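Student: model the following, please.
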Amino acid sequence: MSNLTARPTLRYYADRLRTTLAEPELVGESDLLTFLSDGYKRLCERSGCLLGTTTVTLTSGVAEADLPEDHYRTRLVALGGVRLDELSLRNSLASYGAGVPLAYYQYAGKIGFAPTPNTSTNHVTLLYSASPPPVQGYDDDLDPRLPPEYRYGIVHWVRWRITQIDGGAQGISRANYERALFEDCVGKIRRQLGTVASVTPGRMRSVVEAGRALR
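Tutor: Coordinates of the predicted model:
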């Protein structure tokens, strides 16, 4: 991975790619932007670095609510300072009656609660990793939550995908090498932010405290 200072937009990475691709003339401007945008999206999603929180106001008799539009993966759900368990979609089909929710489930942009809420005074705190908005141009700002020192993973993603398309034994070997460098960036961001399996204890406490404050 490069130790060069990261720039805030994709233009810097596009310039770097043009000087290192074997046949840069074969990759058009729009195609290169698409590759870069996809690499940016994948790096953010895979690393879980775009952490955000939101609150869901429960409605009596209503089991489900919409997830945030930028939701990619749920990290933690808490109600009144208590962490809720996650149900599989299959188990969510069982009848749990009405009461204070003890668990949640997810599907197709929805989050549901079991038992079904029997009051409209509670709030659920949701900690989640987000997907970045689509990149429209080379000069769009990148999300500052993506650590600058690991943004070069975007370049490794693009090299991996382009080299993979070329094929051949040498191309496959090179593609695997670039993929390994991309995965290394993902792993380093996860370790730095504590998003390998769930969340850091400090982040957990902040969400639980936020839930208690809403009671």
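Student: give me the contact list for stretch 161-169.
Tutor: Residues external to stretch 161-169 that are found in contact with it (C-beta atoms under 8 Å, 6 or more residues apart in numbering): 21, 27, 35, 38-39, 171-172, 174-175, 178. To be clear about C-beta, it is placed using only N, CA and C from the backbone, and glycine gets the same treatment.
Student: so which of these wins on neighbours?
Tutor: Counting by other C-beta atoms under 10 Å, Gly39 has the largest number of neighbours within the contacts of stretch 161-169, with 25 neighbours.
Student: could you point out which element follows the helix or strand that contains that residue?
Tutor: Under DSSP states H and E, the secondary-structure element containing Gly39 is helix 29-47. Note on helix 29-47: by DSSP H and E, the next helix or strand toward the C-terminus is strand 51-57.
Student: how about the contacts of stretch 161-169, which pair is most distant?
Tutor: In terms of C-beta to C-beta, the contacts of stretch 161-169 reach their longest pairwise distance at Asp38 and Ile172, which sit 20.0 Å apart.
Student: what packs against the helix holding Gly39?
Tutor: Judged by 3 or more C-beta pairs under 8 Å, 6 or more residues apart in numbering; DSSP states H and E, the packing partners of helix 29-47 are helix 11-20, helix 153-166, helix 169-193.
Student: tell me the buried residues in the second one?
Tutor: Right, helix 153-166. Along helix 153-166, the positions that meet the burial threshold by neighbour count (16 or more other C-beta atoms under 10 Å) are 153-163.
Student: cool, the longest one as well?
Tutor: For helix 169-193, burial by neighbour count (16+ other C-beta under 10 Å) applies to 174-175, 178-179, 181-182, 185-186, 188-190, 193.
Student: just want the angle from that helix to strand 51-57.
Tutor: With axes from the mean of the first three to the mean of the last three C-alpha atoms, to 10 degrees as the basis, helix 169-193 and strand 51-57 are set at 60 degrees to each other.
Student: again with the shortest one
Tutor: Orientation note: helix 11-20 sits at an angle of 140 degrees relative to strand 51-57 (the same axes, to 10 degrees).
Student: at the geometric centre of this structure, which residue do we find?
Tutor: Glu45 (3.0 Å; C-alpha atoms, centre = their mean).
Student: domains of the protein?
Tutor: Structural domains annotated on the chain: 11-49+136-193, 51-130, as defined by automatic domain parsing.
Student: quick one on the thing from earlier: any chance of the buried residues of helix 169-193 in CSV, with pLDDT too?
Tutor: Output for the buried residues of helix 169-193, formatted as CSV (pLDDT from 0 to 100):
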residue, pLDDT
Arg174, 87
Ala175, 89
Glu178, 93
Arg179, 94
Leu181, 96
Phe182, 96
Cys185, 96
Val186, 96
Lys188, 95
Ile189, 95
Arg190, 93
Leu193, 85
